Each structure stands twice: as structure tokens, then as C-alpha cells.
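Undergrad: With the input below, show me the fold.
(chains A and B)
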2 protein chains.
Amino acid sequence: MESRPIRELGENHVVSRFRALASGTLGPDVIVGPGDDAAVISSPDKRLLLFACDMMVEGIHFRQEWAEPRQIGWKAMVQNLSDIAAMGGEAAAAVASIATPGDVPEEVVSAIAEGLAAAASRYGAALVGGDFVGSPGPLVVDVAITGWVERERMLLRRGASPGDALLVTGYLGAAAAGLAARQQALAEAESSLLAEAIRAYHEPRPRLSEAQAIAGARRATSMMDLSDGLADDLPRLCQQSGVGARVRAQAIPIHRACSFVADRLGVNDRQLAITGGEDYELLLTCPPEAVPELSSALSEAVETPLTVIGEIIADEEVMLVDADGSERSLGKGFDHFAASSEARGCSDRAAE
Amino acid sequence: MESRPIRELGENHVVSRFRALASGTLGPDVIVGPGDDAAVISSPDKRLLLFACDMMVEGIHFRQEWAEPRQIGWKAMVQNLSDIAAMGGEAAAAVASIATPGDVPEEVVSAIAEGLAAAASRYGAALVGGDFVGSPGPLVVDVAITGWVERERMLLRRGASPGDALLVTGYLGAAAAGLAARQQALAEAESSLLAEAIRAYHEPRPRLSEAQAIAGARRATSMMDLSDGLADDLPRLCQQSGVGARVRAQAIPIHRACSFVADRLGVNDRQLAITGGEDYELLLTCPPEAVPELSSALSEAVETPLTVIGEIIADEEVMLVDADGSERSLGKGFDHFAASSEARGCSDRAAE
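TA: Prediction:
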């Protein structure tokens, strides 16, 4: 067999191979293995154990000239908290591994740890352990998280049925706008909306309260977090559920900071909101008649809006419907290895 | 405040700072936070949740010219399994994050995943998730693991009392001998004992069965795994227990592969067995009268020997007693950041 480098074969190949290997290790205790936002492990208790990890590499997922070290730690923790949220769970404990070149100032590592602890503390997770290792290469921060969820509240990527409404929490595109602003070196001080976009990119919030309100209403049929963007993530939810989706472009709630930055840069805000990652909003489905109930459950708990953006269909295709009724395929198949760090900017995308 | 790089301030400084920050995040559910082999989190269930992580970086913890990719994955998983063993627990599930340069052949990443899955499967852990990211730097493999332990079987680093016997499972020094053999480019084919040392270095085994037999006997007072070597690890156990120890040099069970390689290289085998890391044997304490009971509990379960190597003392000093009765201080204070990759060889040591 000819040897081929990762960047040619691509991320999906690696992920498939990993899942095939991992599947041989799964015993009866594993309710959900690789492929969802978090794995689910049974316990004799009523609650199930959730388990996930997310790694960030300097030069790929963050740049020290853009992000404060504290923000790097914060974001590394939030990605993981968001995976717990996506399952309808609550965070329990996290561990963090950091690889550092020896010439990194001590304050940088301490500030990363501060960010990790601040996000954990803010969202009810305990930071219970870590590993600090030297490295000849870039800074790497890897967080693993555990959480708990009651079986009847657990929400997976699979579970969506044809006819279900497709919804998102909050507004999309602010983080992508923040990344675009950084790439174009726009000055934060220029406008409060610009600053908001940049903050959204560096200091995202996980939707734990929102997720728990949704899970508690017991009407949602599937859920995941939008870490890589609607165009990448919706096809994953559809694939796991064995369905397709039709999204109404006009219905997508665009963050006003996204519209501001898009206008400033002369790009399409809707496109940015659809393809941009790292909003960490929730994408979910429910029977159409359950939408009011879910909305009111959410509005009782938090102020985050819930918006119907389309519907689940039986055909396994994911379509974007424009205002004029024209349809086109959604999904662009982003590959973490194929794209160079430069080409993809410095976005923060995880394999699963 | 003046900015000082990590390598000047050292690992202990970073670890202390991390623990101080993490302590602010620990709620009542956290029974043991950072500082032991694994963290312990309560559950309404009789069993407690264990949680740990260990990161390996190419050029620091492994070299592709020495280790087969499958061995890299195997060892990354075993380090973590060993942390669960050290608590007296059983492994439940693991997640793995891998950062890879784009030019790494796909087979290398697949073989690392194979090693991860093989070790997980062999020792009863499910590999339930992962994250694969591109990197401009060296290969990084980070594993996080969860496990379960019943409260009355849990063994911590703290708990040793003056007068307790100090014991180790198995034989020490084989992994250090394997590393030394690699560093001196000795050929594996030269002797079966040399091959055994090299295999011990690349394919360690976690002492899960041994740990469970020990924990089940309920007579041990403290336990940890020997990942960094007796000279580094015993002072940690003593510090956590607020005690000291006196180790009889002649009592240390030296692995015959260690003696062979030491002889071949003209170095002292006892020194290698005391200072060398990565044996993943268990270091434990118990009242002297419980030694026979623990030994028989262990021999009923497995063939691994249990050897008394010294005793716990009230004075907070860790001393090595030679055959002639002369005493000297044990412990060399290895620092992961201060030492260059070259100076420390390519050993595999973790911050906690």
C-alpha cells in the first residue's frame, strides 16, 4: 500500500478509521460512542456520564498576536462545555493538558490556566487536573470534560424526523465576523459592534442554561452545538438522523455584529452567518407543534431567542432555500488537514 | 513584574499556579482535585468517578525513529490506565486528541489510533471519542480517561503513616534500561534481555489487576504509580501524606533486563532502577502486619511479586540506606521545562 500523507487523504478518512478502531473497544456500558458531541456512558445511577475533548493548536486554532492568553484558555474550556450543553447535560469536571515551548513567558501559561479556570467556574465545572509538558513546537491546549445527563433529557444528533422543525438558539455569525475582522486587521476601537464581533470570536459562551431548558421541556428530538458552522454541522445532524433538511436563508437569525462587519468588509452577512463557525449556538429539531412550548421553556430560563430556520425532510439532502425560492446545496466539506493554516484563517474547528 | 520564561521558573511553579487557580473551581462534588494520580468526583451512586489526563509530545516523550506508531498510541493509553490503577479503580472510558503535521503519512496516525484502541480494549476501557487537528509542529497525543472506584477501595497518595511498610509491585528499571539502550543505539537483536528492556520502554503494562487486588484487600494506606521513577515519585507520596521514608537500596527489586543493560553499558543497575521512570509499577504502603495478607491477595490474582523496600517515617525526609548502613537523600527534582529534550533523553514524564 502506498503511503499517503494526512493532508491528501483528509480528516474524514482519519475520523472514519478512528471510529472503526474505537468501535471494537465499546462495551455494553457505552450508550453513545464516537460521532456525537460527547460520548455517553451508563452508570447504575439514574444519570449518564458524558465525556468529550477538544484540542487547540497555536497557529491553527489561535494566534497569540490576536488572542490574549486568558482568552485562549477560556475558549478551550468553552468548546468543551458546549459539547456537554449539546447533549442536554450539565458539566461536572474538566482536565487540561498544555504543551509549551520553554521560552513562553510564565505569565502566558498562568493566564491560559486562569482562562480555563474562569470558564469552568462560570459554568459549574470543576477543573480537577492537568498535565504540563514541554514541547519544541507550538502551544497546544487540550481539554477533556465530563458531565451528567438524565437519560430522559439526553439529546443526540440522531433523532430528527421528517416534518420536524429545525431551530437555532441566539444569532449566528458574530464569531466568524470577529475572525474576519482580525484577518483584515480592523481596529476594535472603530465601533462597539466590531468590538462585539471580536469578543464573540475570542470569548464565546456555551449555551448550557439554554440547553438545559430545552432538554427539560422534553420536546426536542435532536440537538448539537454549532462549532464548525451551520453549513458543516447541519449535514452531520442530518447524516446521524438519516434525514435531510431544508433551510430558509431569510429565516436565519444574523447577529447584528456580523451584519456590521460584513458591510464594513463588503461581504455577504448571510453567507458569513451560514458558513462561519464558533458561535456555539444550539441547533435542534422538534415536532412543529412543540415549537411554542420549547420557546416558552427557553424564555422562562434565559433571554436567548429560539428561531425556526427550516424543516427536516426525508430526502437525505441539505438544501438552502433563497427568498426567490431557488434552492442550492448547503455544506462545503471543510477539511482540517487539507486546508492550510493560512487558507482557513485561524478558525477553531474540531473533528468531532 | 518581569516576564520570565517557563524554563527558568520551572514546572513546579506552573503546577502550583495551576492548582491555586483550579482550587477556586472545586465544588462539594470534588473529593480529590489536582495533585493525585487522578481526580475523584462523587456521584449519588456508590462508586466514585475517576478522571485523569496525560499528554505525549514528539521529540520530548517519544521519537518516531525509536517507537513504532502503534507503540506511541499504546503507551499514551497505558499512562492513563496506570493513573486509574493507582487509585485502585477500574477503567471506564477514554478520549484521545491527536495533533498532526499535514505531511505525516496516514498509516502513522491510523497505527497510533490502533495502539490506543488495543491498549484500551486489553484493559477494559472504551475509546469513546477523539479530536484530530492539524498542526505546524510535532505530533501530540493527549489521552483523558475516566474510571470508577468504590469509596472504600479508593487509594490516594495521602494516607501513609509512620511505621507503615513501603512496597512496590514487580521489578524496577526495565523501561529506563530500554531508554538507555535506545540512546546508546544498542541493537535489539543482541539479546533477548535487551529486547525485553526495549519492549518494556515502548509497551508498558498498567497494573490494573494488581491494583484491584490490592485495593480489594483493604489493607493498603496509600498508593501511586511509578511513572517518573522512585526517586521522583516517592517524595510526592511522602509530601501528600506528610511523612518521610527510608528505602533499603538492597531491597529494591531490580528487573533482570535492567541489570543486563546496565552491565552492558557500564552503569549502575540499582541507580537506573531508582531514578528511571515509566515502569508503571505501583508504590504503596500498609501496616507491617498487613504485608502477608496483601501479598497473598496479589498472588491469588496475578503473578506479579510484591516487595517491601523500606518503611515510612515521621521525619519528612526521603532517605536511601545503602548496604553499609550509610544514608543519603533520595529525590532529584526532575523538571520538565528546565531540562532540554536532549539532556533528559526522550523519557515520558508527566506533571501530575
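Undergrad: Residue ranges of each domain in chain A, please.
TA: A:6-153, A:165-329 (automatic domain parsing).
Undergrad: which residues of the stretch 251-352 of chain A fall in strands?
TA: Applying DSSP state E, counting those that start in this stretch to the stretch 251-352 of chain A gives strands spanning A:282-286, A:306-313, A:318-321, A:327-329.
Undergrad: Without its sequence neighbours, what residue ends up closest to whatever residue of chain A ends up closest to chain B?
TA: Of all residues in chain A, residue A:137 sits closest to chain B, with a separation of 2.3 Å (CB to the nearest CB). All C-beta atoms are positioned from the backbone trio N, CA, C, and that covers glycine. Nearest non-adjacent residue to residue A:137, counting by CB to CB, 6 or more residues apart in numbering or on different chains: residue B:137, 2.3 Å away.
Undergrad: give the contact list for the one you found.
TA: A:57, A:59, A:135, A:136, A:137, A:138, A:140, B:99, B:101 (CB atoms under 8 Å, 6 or more residues apart in numbering or on different chains).
Undergrad: Look up phi and psi at it.
TA: phi -110, psi -160 (degrees, to the nearest 10).
Undergrad: what residues does the helix or strand bottoming out on mean pLDDT in chain A touch?
TA: Each helix and strand of chain A was given a mean pLDDT (mean pLDDT, DSSP states H and E); the minimum falls on helix A:6-9 at a mean of 78. Identification of contacts with helix A:6-9 by CB under 8 Å, 6+ apart yields A:14, A:337, A:338, B:100, B:101, B:102, B:103, B:104, B:105, B:106, B:109, B:134.
Undergrad: Tell me the buried residues in that helix?
TA: For helix A:6-9, a neighbour-count test (16 or more other CB atoms under 10 Å in any protein chain shown) marks A:6, A:7, A:9 as buried.
Undergrad: Near chain B, which residues of the stretch 151-300 of chain A are found?
TA: By CB under 8 Å from any CB of the partner chain, no residue of the stretch 151-300 of chain A approaches chain B.
Undergrad: what about residue A:242, how many neighbours?
TA: With neighbours defined by other CB atoms under 10 Å in any protein chain shown, the count for residue A:242 comes to 12.
Undergrad: correction: residue A:321
TA: For residue A:321, using other CB under 10 Å, the count is 17.
Undergrad: roughly how far apart are it and residue A:327?
TA: Distance from residue A:321 to residue A:327, counting by CB to CB, to the nearest Å: 5 Å.
Undergrad: same deal with residue A:130?
TA: In terms of CB to CB, residue A:130 sits 48 Å off from residue A:327.
Undergrad: Please identify which of these two sits among more neighbours.
TA: residue A:130 (28 against 13).
Undergrad: same for the helix or strand containing that one, what does it pack against?
TA: Using DSSP states H and E, residue A:130 maps to strand A:126-134. Helices and strands touching strand A:126-134, as assessed by 3 or more CB pairs under 8 Å, 6 or more residues apart in numbering or on different chains; DSSP states H and E, comprise strand A:90-100, helix A:106-122, helix B:11-23, strand B:30-32, strand B:39-41, strand B:47-57.
Undergrad: Within its sheet, name the partner strands of it and how each one runs.
TA: strand A:90-100 (parallel) (DSSP bridges).
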